[in-house]
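> Need coordinates for the below:
(chains A and B)
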Amino acid sequence: MVQGMRSHGAGTVRGGDIDDTVTVAGWVQKRRDHGGIAFFDVRDASGIVQVVADPDKHPIVNDLRMEYCVQVTGTVRKRPEGTENPDLETGEIEIGAEEVIVLAPSKTLPFMIDDRVEIDEKVRLQHRYLDLRRPRMAANLRARSRATSAIRRTFDELGFLEVETPTLINSTPEGARDMLVPSRLRQGEFYALPQSPQLFKQLLMIAGVERYYQIARCYRDEDFRADRQLEFTQLDMEGAFWDRDDVLATVEKVLAAVVEEIRGVQVPLPFQRLTWQETMNRFGVDKPDLRFGMEIVDLTDHVMETEFGVFRSAIEAAGTVRGINVGAQEWSRARADEMTEFAKTLGAKGLVWMVVEGDGTLRSPVAKFLSETEQESMKKAMEASPGDVLLIAADRWRTAVEVLGGLRNRLGRPFGHDDLAFLWVVDFPLFEEEDDGSITFSHHPFTSPVDIDEMREHPESAVSKAYDAVLNGVELGSGSIRIHDPDVQRQVFDILGIDAETAQRRFGWFLEALDYGTPPHGGFAFGVDRLVMVLQGETSIREVIPFPKTQTGVDPMTGAPTWVEEDQLNELGVELSATALARREESEAEELA
RNA sequence: GGGCGCGUAGAACAGUCUGGAGUGUUCGCCGGCCUGUCAAGCCGGAGGUCGCGGGUUCAAAUCCCGUCGUGCCCGCCA
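Model prediction:
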């Protein structure tokens, strides 16, 4: 920290330095000019310290503006009685300026370097180098570095080998759209950027590495979300000769080390485990936030004989009636409509709501259709007290629980406290049914089934050896025990409708490797961005990525992606489509205007 | 691909529903005053394509249509 141009980090000067001559360098956070005396705060990576100067002796302080880069030499002194600043680490002292040098002035800022103002994100990204000066962003960068450092340290201690895998590869079968890179030497052919190092790490197991990890950049060309970018960083790991619990225990150690590094707290191990089935039943999502209850209740038995048409038809269609008690909430007609609309976006046909009145009766548009017994029975099942709002969905099982799960997240999610609720979700279904009735893998096609015969006979309900790690409702990552038996691998492709020829063409190189004595193996990968996001209390992944892109994949600072020279395209054997050319003309016209 | 929100000075906003002169607030910027502030204070000043295009109207930041940008979500995606 302390190097040639300075004797101290600005944030490190303390009472013990009183009467010493120090030199600090950094940025002017704020200047407060009182005429005969002037103060300015110098901020560097270590913190902030106040400098006091007499403008008559040091007229240069009249010129200082926010974010001027300065070097200050002066004497450390105790602040006068009553002027200490408890909000500053250095608040007991100040530096009496003897020499103030402007190393570099700053233009008027596009926005202030201040955590207290919410600035439009596009403006922040246009000047990310200024945005990153804000303490919050600087802290996020540091937390990220400490996280990766804790990860490496832990894997090191556990005897893992860090191996780099290529980023110009073949298309990987992860399910997402690939980012493609055209080949110049082989015009017309493309590399894909990895969605994960999946097959390479399995090859490393076959290669006898046994314990592998990598902090790997991964790419998925799908639409953005608050927690999704085109490129992101995964902690990727794999081990041979171990089973699920070995993987989980290892990942727990790594995650606990990161939490301890960033938050300074011990996470109780092992993490809670729930099967996918139980998770869906109780929380309606496969990544539940366990910091609050508000669990889904099965009401089907309580209304089995009901006359109420909505419930009746759900039950007769072999569906289910489920409810949640969202507790005492502000509940108006408008609110009810809003939540019904929200439920519909999740696939519900409607939403039944009931408010428990002070006398225990139910206020609801549908109360008149429900018998006294049914009402009492439902209230009891949902442990309803006066004031509580009860929400009920009647539908096929998956829809009903997902609708309530969405409402639970929306209405119950706690904010503003720093509990960490880790969870393993295990026993995921092996396959998923698509809308068109076809079957697809729910994880990736190298995930081992729990039972091979079960997989052949009842693929729709077959359970896999896949598992997810969840933290506070955020899916950190997933993993599985892989298929190491080439015969099983071929059967899985068969069930997925991938014929031998296609499998051979796409993954032949991998299937061949499986034939050479592949050890049983499994692994995991979690998103470093998401983990740091949660631990830093952020709700967007962009806050922990130094230079992220906007929702349309644009970097407002560099302007990427951009048009390239015709020559470059020619070298690559790439020609723009009519649509693309029209876009280019349009944007060139805009450029001129 | 779809739904919803937002776009007004360098920044954060109010004004838009209910049309009437670019009106206003805070910060920053420029000038002045000020010896203990710490988001200093006081006085004065500059700064605007109300995202863009079209329409309605005597009159549009405001209403309508389109478009672009941006955010959240669904689809998609671990």
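
> Please enumerate the strands of the stretch 251-400 of chain A.
Taking DSSP state E, counting those that start in this stretch, the strands of the stretch 251-400 of chain A run over residues A:272-275, A:297-298, A:320-328, A:352-356, A:362-363, A:388-395.

> Which elements pack onto the fourth one?
What that stands for is strand A:352-356. helix A:333-345, strand A:362-363, strand A:388-395 (3 or more C-beta pairs under 8 Å, 6 or more residues apart in numbering; DSSP states H and E). Any C-beta I mention is one placed from the backbone N, CA and C, and that applies to glycine too.

> burial measure for A:E383, as a count.
9 (other C-beta atoms under 10 Å).

> so what's it up against?
A:E383 sits next to A:N325 when contact means C-beta atoms under 8 Å, 6 or more residues apart in numbering.

> Output the below-cut-off pLDDT ranges for the stretch 101-250 of chain A.
A:172-174 (pLDDT under 70).

> Residue numbers of it in contact with RNA strand B?
Proximity of the stretch 101-250 of chain A to RNA strand B (C-beta under 7 Å from any atom of the strand) is limited to residues A:108-112, A:114, A:116-123, A:174-177, A:195, A:220, A:222-228.

> before we move on, back to that, could you export the helices and strands packed on strand A:352-356 as JSON lines, including distance to A:G239?
Listed next are the helices and strands packed on strand A:352-356 as JSON lines, based on distance: least, C-beta to C-beta, whole Å:
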{"stretch": "helix A:333-345", "distance to A:G239": "41"}
{"stretch": "strand A:362-363", "distance to A:G239": "54"}
{"stretch": "strand A:388-395", "distance to A:G239": "41"}
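
> And the ones you listed: which comes nearest RNA strand B?
Nearest of the helices and strands packed on strand A:352-356 to RNA strand B, taken as C-beta to the nearest atom of the strand: helix A:333-345 at 5.3 Å.

> For the stretch 351-500 of chain A, which segments count as helices?
A:372-381, A:397-412, A:452-457, A:486-495, A:500-514 (DSSP state H, counting those that start in this stretch).

> from those, which stretch is densest packed?
helix A:397-412 (a mean of 21; mean count of other C-beta atoms under 10 Å).

> got the contact list for that one?
A:280-281, A:283-285, A:288-289, A:292, A:294, A:296, A:314, A:319-324, A:326-327, A:329, A:339, A:342-343, A:346-348, A:351, A:391, A:393-395, A:473.

> Quick one: mean pLDDT for stretch A:356-376?
Across stretch A:356-376, the average pLDDT comes to 92.

> Quick check: buried residues in that stretch?
Residues of stretch A:356-376 classed as buried by neighbour count (16 or more other C-beta atoms under 10 Å): A:356, A:362, A:364, A:366, A:369-370, A:374-375.

> Same check on stretch A:226-240?
A:227, A:229-230, A:232-240.

> of the residues you listed, closest to A:L103?
A:T233 (33.8 Å; C-beta to C-beta).

> ok, the residue nearest to the spatial centre of chain A - contacts?
Chain A has A:R530 as the residue nearest its centroid, 2.7 Å off, counting by C-alpha atoms, centre = their mean. With contact set as C-beta under 8 Å, 6+ apart, A:R530 has these partners: A:227, A:474-477, A:541.

> right, and the pair among those residues with maximum separation?
Pairwise across the contacts of A:R530, and taking C-beta to C-beta, the largest span is found between A:G477 and A:I541, at 13.4 Å.

> now the biggest helix by length in chain A: how far from the chain's centre is it?
If you go by DSSP state H, chain A has its longest helix at helix A:135-157. Distance, stretch centre to chain centre, for helix A:135-157: 16 Å (C-alpha atoms, centre = their mean, to the nearest Å).

> With stretch A:35-47 instead?
Using C-alpha atoms, centre = their mean, the offset of stretch A:35-47 from its chain centre is 37 Å.

> and that stretch, how far apart are its ends?
End-to-end distance of stretch A:35-47 (C-alpha to C-alpha, to the nearest Å): 26 Å.

> Provide a list of residues in contact with the closest residue to A:Q277 other than its chain neighbours.
Computed as C-beta to C-beta, 6 or more residues apart in numbering, the closest residue to A:Q277 that is not its neighbour in sequence is A:D427, at 7.0 Å. For A:D427, the contact set (C-beta under 8 Å, 6+ apart) comprises A:275-277, A:450, A:463-464.

> let's see 7 Å
A:275-276, A:463 (C-beta atoms under 7 Å, 6 or more residues apart in numbering).

> returning to that earlier point: remind me what the longest helix of chain A packs against, helices and strands.
Packing contacts for helix A:135-157, counted by 3 or more C-beta pairs under 7 Å, 6 or more residues apart in numbering; DSSP states H and E, involve strand A:211-219, helix A:244-263, helix A:528-535.

> Could you say which of these is packed most deeply?
By mean count of other C-beta under 10 Å, the helices and strands packed on helix A:135-157 have helix A:528-535 as the most buried, with a mean of 24.

> Can you name the element that comes right after that helix?
Note on helix A:528-535: by DSSP states H and E, the next helix or strand toward the C-terminus is helix A:566-572.

> Quick check: the residue in the stretch 301-450 of chain A positioned nearest to RNA strand B vs A:A466, distance?
Going by C-beta to the nearest atom of the strand, RNA strand B is nearest to A:H443 of the stretch 301-450 of chain A, at 4.2 Å. Distance of A:H443 to A:A466, given as C-beta to C-beta, to the nearest Å: 4 Å.

> what residues are shared contacts of these two?
A:428, A:478, A:480.

> I'd guessed the second one sits against A:D468; true?
If I follow you right, that is A:S478. Yes. Counting by C-beta atoms under 7 Å, A:S478 does reach A:D468; the two are 4.6 Å apart.

> Do a quick rundown of the strands in the stretch 101-250 of chain A.
Under DSSP E, counting those that start in this stretch, the stretch 101-250 of chain A gives strands at A:161-162, A:180-182, A:190-192, A:211-219, A:231-240.

> Put together JSON lines for those, with distance to A:R65 on each row.
Below are these laid out as JSON lines (distance: least, C-beta to C-beta, whole Å):
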{"stretch": "strand A:161-162", "distance to A:R65": "46"}
{"stretch": "strand A:180-182", "distance to A:R65": "45"}
{"stretch": "strand A:190-192", "distance to A:R65": "48"}
{"stretch": "strand A:211-219", "distance to A:R65": "39"}
{"stretch": "strand A:231-240", "distance to A:R65": "37"}
